[in-house]
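**Student:** let me see the structure of the following:
(2 chains)
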2 protein chains.
Amino acid sequence: MSTRAAVGQGEWATAGRLRPAPECFLDGDGVLRVRQEARAGRRDFIRRAFAAALAGGGAVRAAASAGDPEILEPQPQRQALGRPVASTGYGSPSRYEANVQRRISPGLTATRESGVSFTPLQSLFGIVTPSGLHFERHHAGWWDLDPRRHRLMINGSDPSLVARPMVYTMDELMRLPSTSRFRFIECSANTGMEWGNVAVPTVQYTHGMLSCSEFTGVPLRLLLERAGTDWRRGRFVLAEGGEGSALARTIPMALVESGEVLVAYGQNGEMLRPENGYPLRLVVPGVQGVSWVKYLRRIEVGDQPYATRDEALQYIDLMPDGRYRQYTSVQECKSVLTTPSGGQVLLGEGYYELSGLAWSGRGRIRRVDVSVDGGRNWRAARLQPPVLAKCLTRFTLPWIWDGRPALLASRAVDETGSVQPGYRELRAVRGTRSLYHNNAVQAWLVQAGGEVVNVQLP
Amino acid sequence: MSTRAAVGQGEWATAGRLRPAPECFLDGDGVLRVRQEARAGRRDFIRRAFAAALAGGGAVRAAASAGDPEILEPQPQRQALGRPVASTGYGSPSRYEANVQRRISPGLTATRESGVSFTPLQSLFGIVTPSGLHFERHHAGWWDLDPRRHRLMINGSDPSLVARPMVYTMDELMRLPSTSRFRFIECSANTGMEWGNVAVPTVQYTHGMLSCSEFTGVPLRLLLERAGTDWRRGRFVLAEGGEGSALARTIPMALVESGEVLVAYGQNGEMLRPENGYPLRLVVPGVQGVSWVKYLRRIEVGDQPYATRDEALQYIDLMPDGRYRQYTSVQECKSVLTTPSGGQVLLGEGYYELSGLAWSGRGRIRRVDVSVDGGRNWRAARLQPPVLAKCLTRFTLPWIWDGRPALLASRAVDETGSVQPGYRELRAVRGTRSLYHNNAVQAWLVQAGGEVVNVQLP
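**Tutor:** Numbering: from 1, shown residues only, chains lettered A, B, ... in the order given. So this is what the prediction gives:
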């Protein structure tokens, strides 16, 4: 797979080439302005901008001068009937968007049943990830389980912790009080290949184990209340998945008590997708994806952490002194520019809208700063509402590229005051041989020719 | 198509049958409680509830007594590898959800190229409508247009209104400053068949010309600024679609000036779907769907309304005295219960969660009241955050069904104080022969056997 094939909006969008829009500019106060011909004194500038735009490939054209058959000639769709309603029952993206898809990184994992596919962040808008593009992480492949046969068991590690062990069918769970929330989910190994040095070319591969959906389900707290949990002694929960990897994770009871942890069946308005755990997965807001156990079949209340295989051998953080950190499950404050990003090409100087995503497992994003000079100067980006806790936040910033090399980077701050670290700060504590929880500032170098490449700030 | 086939979560969910969850109840203050065995004095009640639940089909079972092979026996998915990652590139819903789809109403329109498909509201959660289930309304069929060939023209009805007519390619538009917002879209003919009397059996058909997405695009205001619009004289905009129906709609400039109107290319994170206007549609928050012009090809600035075919012959409100209201484009405050709703069946008395959607073209929903006795008494529902302007709001309310006939209804109030009317109030002003802008209170009758049917309150 070439880098070019992995970027861009779709097959049609010339492989991620970004044309400038030179008529927008920043005024002295840093406010985005649109050039107005009516403004006295600006007319010459406007004429020059137009001339440059037309010469440079045409960011904006006047209809009269363009001679463009696509606007001047009648089109087939104006002269015939189109396709009928509901011809497919469940709709699909345009055939011109076939290039926007999840992608695997060959060689990253030994098999595709224990593998990863990455979300094409460079092609997405806003904060919602379409369910058909939600990243995948499987430990033993995915299943399309029959929900009539799926069960969820609630029990205690000893009988005194849960007074009434229960087994639910899906019908029973879906009649209980439910809640819906927009939440991000990020694999703790996201950006994990970049610990030592630049490893992969595009944001799909550096940050694409990240998605965001509106999840719907029953608060786990309610299920534990129904089962008669001993809240004083039962300080941990074991969540067990229903497929062959026997994945199981410890969840601190404090998270459950907050009411945020959901036994979820809904995602973006409909039932979960099979590759994301249909019919039932745990939603643990702010916590790494491995704890969002798919095909959820059992919740056990216990009085101590479980130290399962997936939290004793895997998903632990190697430190420089050779020791490991365990149970580091919160995804810390992080951000990344998605446009422009690695593999894209700027076509000429002028206006661009920088755009990216920020998130924190601790709560809301408070601000995002963006640098175009490798971190010497930072400017506050605009945060797009709604800004929700433990959810992606879209940020944008207008930028005029002068055609010279530029080092782009973003840095997020969350509502707890936690600041996204640079690589120098992160490595000072964590070293270079870890795999999980890399939330360092991501930089992209715009080269003089417009090519954007992955770099790391010193 | 049978009514049964049109309801329910999926093929697996026994055609919309709702099993009670009898262990939840309302206390004297109307707060939802979960029965706790530990509470002294409640134990007998709990035992009775359990006995009733087991006798009645088993809302909740104790694992030990269930003897359920689905939890006691090993399952195939625990003993083999599942499917590999990214095996489909772009994902699809489970095969067990094949029943959740858009549906057409035979005979409603003369052809399926000039037709409607309805969103299955009874099967959805939260506020986001999956793009594959977004309702369709076509006037001359839908197209999957090549975005490389699509153009948007900006001009004035006379040369003095727009100083610099422009033609944009998609690449050019997508480089401009963009914004993303969650918005509902509702066809003004939604619920239109119910003006005279009860006409259709399920909420998919009464209210399913309603969807909600995160839309992304360029504020139209910015495009008009770039074109040098005369804001003082140019008080209206004509939006023209690119397909064979030559659909065109007048938009008041005040809406454009607010910055809310978007020339949109994104929907729920990805590009618009073909049947919803790919690659470009207008987003006019709060305004009826027909003004959200698909395959958008031209915006003309004018100094008076255009009285196009689609606003002089169609999309006008017949009044009792034989006259018509024109340019009534805002979708007023409205709500509907989706669970339970017509065609579903309650299986026995006990706890249910009432759930529905509320929206207003005027702004945010302030409150939703729910009645279970045909409007004699109303209780405030819980509004699920985020509560956003001109967006769907999900509301829920716990309810214990006592097994006797119950008349369920919801009534929304928006932030302007506008209250959703009953049919009596609406008909006193609008009569019974209109087609558009029916925002009356919708009632569902739960019959003694549990069947839910569409009724109208007097």
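
**Student:** what bits of chain A have low per-residue confidence?
**Tutor:** Residue ranges of chain A with pLDDT under 70: A:1-66, A:87-88.

**Student:** quick one: buried residues of stretch A:70-83?
**Tutor:** A:71, A:75, A:77-78, A:81-82 (16 or more other Cβ atoms under 10 Å in any protein chain shown). For glycine as for every other residue, the C-beta is placed from the backbone atoms N, C-alpha and C.

**Student:** hmm, I was thinking of stretch A:413-429
**Tutor:** A:413-414, A:418-423, A:426-427.

**Student:** stretch A:258-278 now?
**Tutor:** Quick answer for stretch A:258-278 (16+ other Cβ under 10 Å): A:260-278.

**Student:** got it, and stretch A:434-445?
**Tutor:** For stretch A:434-445, using 16+ other Cβ under 10 Å, the buried residues are A:434, A:436-445.

**Student:** end-to-end on that stretch?
**Tutor:** In stretch A:434-445, first residue to last residue: 25 Å (Cα to Cα, to the nearest Å).

**Student:** for stretch A:228-239, list every residue counted as buried.
**Tutor:** A:228-230, A:234-239.

**Student:** start to end distance for it?
**Tutor:** 18 Å.

**Student:** again, but for stretch A:230-247
**Tutor:** Taking Cα to Cα, stretch A:230-247 runs 25 Å from one end to the other.

**Student:** stretch A:72-91 now?
**Tutor:** Per Cα to Cα, stretch A:72-91 runs 32 Å from first to last residue.

**Student:** run the chain-centre distance for it.
**Tutor:** Mean-position distance between stretch A:72-91 and its chain equals 34 Å (Cα atoms, centre = their mean, to the nearest Å).

**Student:** same thing with stretch A:384-397?
**Tutor:** Stretch A:384-397 has its C-alpha centroid displaced from the chain centroid by 12 Å (Cα atoms, centre = their mean).

**Student:** contacting residues for the closest residue to A:R78 other than its chain neighbours?
**Tutor:** Excluding the flanking residues, the one nearest A:R78 by Cβ to Cβ, 6 or more residues apart in numbering or on different chains is B:G244, at 5.6 Å. Shown in contact with B:G244 (Cβ atoms under 8 Å, 6 or more residues apart in numbering or on different chains): A:77-82, B:140-141.

**Student:** could you do A:Q420 as well?
**Tutor:** Contact analysis of A:Q420 by Cβ under 8 Å, 6+ apart lists A:332-335, A:411-413, A:439-441.

**Student:** next: A:A443.
**Tutor:** By Cβ under 8 Å, 6+ apart, the neighbours of A:A443 are A:374-375, A:407-409, A:454-457.

**Student:** re earlier: what's the closest of the buried residues of stretch A:413-429 to B:V203?
**Tutor:** A:D414 (40.0 Å; Cβ to Cβ).

**Student:** the nearest residue to that closest one once chain neighbours are set aside - how many residues pack around it?
**Tutor:** Leaving out its chain neighbours, the residue that sits closest to A:D414 by Cβ to Cβ, 6+ apart is A:S360, at 3.6 Å. Neighbour count of A:S360, defined by other Cβ atoms under 10 Å in any protein chain shown: 28.

**Student:** distance of A:S360 from B:P120?
**Tutor:** Per Cβ to Cβ, to the nearest Å, A:S360 is found 35 Å from B:P120.

**Student:** do the same with A:D171
**Tutor:** For A:D171 relative to B:P120 (Cβ to Cβ), the value is 18 Å.

**Student:** ok, those two, which is more surrounded?
**Tutor:** Taking neighbours as other Cβ under 10 Å, A:D171 and B:P120 compare with B:P120 leading, 25 against 21.

**Student:** which residues are in contact with the more buried one?
**Tutor:** Counting by Cβ under 8 Å, 6+ apart, B:P120 touches B:6, B:100-103, B:133, B:204, B:208.

**Student:** chain A next: which of the residues you listed are close?
**Tutor:** B:100-103, B:133 (Cβ under 8 Å from any Cβ of the partner chain).

**Student:** narrow those residues to those in strands?
**Tutor:** Of the ones next to chain A among the contacts of B:P120, none are assigned to strands by DSSP state E.

**Student:** format those as CSV; extra columns: distance to A:G89 and neighbour count.
**Tutor:** Below are the ones next to chain A among the contacts of B:P120 laid out as CSV (distance: Cβ to Cβ, whole Å; neighbours: other Cβ atoms under 10 Å in any protein chain shown):
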residue, distance to A:G89, neighbour count
B:V100, 9, 24
B:Q101, 4, 22
B:R102, 7, 25
B:R103, 9, 22
B:L133, 9, 24
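
**Student:** ok now do A:M319, which residues does it touch?
**Tutor:** Taking Cβ under 8 Å, 6+ apart, one finds A:325, A:430-431, A:434 in contact with A:M319.

**Student:** hmm, try it at 7 Å
**Tutor:** By Cβ atoms under 7 Å, 6 or more residues apart in numbering or on different chains, A:M319 lies in contact with A:325, A:430-431.

**Student:** looking at the residues you listed, which are in helices?
**Tutor:** Among these, the ones falling in helices (DSSP state H) are A:R430.

**Student:** can you tell me which of the contacts of A:M319 is nearest A:L176?
**Tutor:** Distances from A:L176 to the contacts of A:M319, taken by Cβ to Cβ, are shortest for A:R325, at 36.4 Å.

**Student:** hmm, back to that, quick check, nearest of the buried residues of stretch A:413-429 to chain B?
**Tutor:** Of all the buried residues of stretch A:413-429, chain B sits closest to A:D414, with 18.2 Å by Cβ to the nearest Cβ.

**Student:** in this structure A:D303 contacts A:R235, no?
**Tutor:** Yes: if you go by Cβ atoms under 7 Å, A:D303 and A:R235 touch, sitting 6.0 Å apart.

**Student:** in three-state terms, label the closest residue to chain B within the stretch 351-458 of chain A for me.
**Tutor:** Closest to chain B within the stretch 351-458 of chain A is A:P386: 4.8 Å, counting by Cβ to the nearest Cβ. Taken by DSSP: H, G, I helix; E, B strand; the rest coil, the conformation at A:P386 corresponds to coil.

**Student:** quick check: A:Q384 vs A:I365, distance?
**Tutor:** 11 Å.

**Student:** more neighbours: the two, which one.
**Tutor:** A:I365 (26 against 20).
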